[in-house]
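Colleague: Output the structure for:
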Amino acid sequence: MEATIAFPLLIGLVAVALFFDFLNGLHDAANSIATIVSTRVLRPHYAVFWAAFFNFIAFLFFGLHVAETVGKGIVDASIVTPAVIFSALVGAIVWNIVTWVAGIPSSSSHALIGGLVGAGVAKAGTGAIVWSGLGKTVAAIVLSPATGFVLALVLVLVVSWLFVRQTPFAVDNTFRVLQFFSASLYSLGHGGNDAQKTMGIIAVLLYSQG
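Modeller: Sure, this is the predicted structure:
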């Protein structure tokens, strides 16, 4: 672990982490509000506040497991320095901007994990990697979309059969209410998972500075 850095520089690094979080919002905010806005259940501004609230309170329901994995379970926390954190964040920020400008749907979480692994390997070699934590993350890259795909197919079939005899008007009214719950649950899940990654980065940065 390197010597502690000046407090203003530490604050600056936290600000870089928060800037990454802001760019992450550009990518991910639409996920939480897409359905509830496209069906005109809520106006975009109200939908953003709705999603932000449930993202924020998610730690009360799910704890801080993802933040702990990012902070201590991807690379060995003892080799993390301000330079490692800065390199990881800049790598993720650049990729976020490239994919945003190009309109490419991408995962900010995996961009940050990749940046952290790359910076850790550059600092201390492959021995710096916590393979168990990285393995979980790599598995999630494959399992998350596959699981979502299968569950969506099943739910569409179930809902179609349940409402097959309902009028379009009745279905529309029912699902306008249910979309409040689905958007809330999605935002809770997002806050309990994706929103915690920057918390983990800031935590390991503070840990590295004692």
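
Colleague: Now do the contacts for Ser87.
Modeller: For Ser87, the residues meeting the contact criterion (Cβ atoms under 8 Å, 6 or more residues apart in numbering) are Gly115, Gly118, Ala119, Ala122. (Glycine included, C-beta is placed from N, CA and C.)

Colleague: Lys197 touches Leu64, doesn't it?
Modeller: No. Lys197 lies out of contact with Leu64 (Cβ atoms under 8 Å); the separation is 11.2 Å.

Colleague: Mind checking which of these two has more residues around it?
Modeller: Legend: neighbour count by other Cβ atoms under 10 Å for Lys197 and Leu64, higher for Lys197 (27 against 14).

Colleague: now the residue nearest to the more buried one when sequence neighbours are not counted: how far from Val84?
Modeller: For Lys197, the nearest residue in space outside its immediate sequence neighbours is Val70; the separation is 4.9 Å by Cβ to Cβ, 6 or more residues apart in numbering. Val70 sits at a distance of 13 Å from Val84 (criterion: Cβ to Cβ, to the nearest Å).

Colleague: what touches both of these two?
Modeller: In terms of Cβ under 8 Å, 6+ apart, Val70 and Val84 are both contacted by the residues Leu116.

Colleague: And stretch 129-140, what's buried?
Modeller: For stretch 129-140, a neighbour-count test (16 or more other Cβ atoms under 10 Å) marks Ile129, Val130, Gly133, Leu134, Thr137, Ala140 as buried.

Colleague: Same list (those) but as JSON lines, adding secondary structure, pLDDT and distance to Ser32.
Modeller: Compiled in JSON lines, the buried residues of stretch 129-140 are given as follows (DSSP: H, G, I helix; E, B strand; the rest coil; pLDDT from 0 to 100; distance: Cβ to Cβ, whole Å):
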{"residue": "Ile129", "secondary structure": "strand", "pLDDT": "90", "distance to Ser32": "32"}
{"residue": "Val130", "secondary structure": "coil", "pLDDT": "90", "distance to Ser32": "30"}
{"residue": "Gly133", "secondary structure": "helix", "pLDDT": "86", "distance to Ser32": "26"}
{"residue": "Leu134", "secondary structure": "helix", "pLDDT": "89", "distance to Ser32": "27"}
{"residue": "Thr137", "secondary structure": "helix", "pLDDT": "86", "distance to Ser32": "22"}
{"residue": "Ala140", "secondary structure": "helix", "pLDDT": "86", "distance to Ser32": "19"}
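
Colleague: of the residues you listed, closest to Leu10?
Modeller: Distances from Leu10 to these, taken as Cβ to Cβ, are shortest for Val130 (24.0 Å).

Colleague: and the closest residue to His110 other than its chain neighbours, what are its phi and psi?
Modeller: The spatially closest residue to His110, leaving aside those adjacent along the chain, is Ile141, at 6.2 Å (Cβ to Cβ, 6+ apart). With angles defined as degrees, to the nearest 10, Ile141 shows backbone torsions of phi -60, psi -40.
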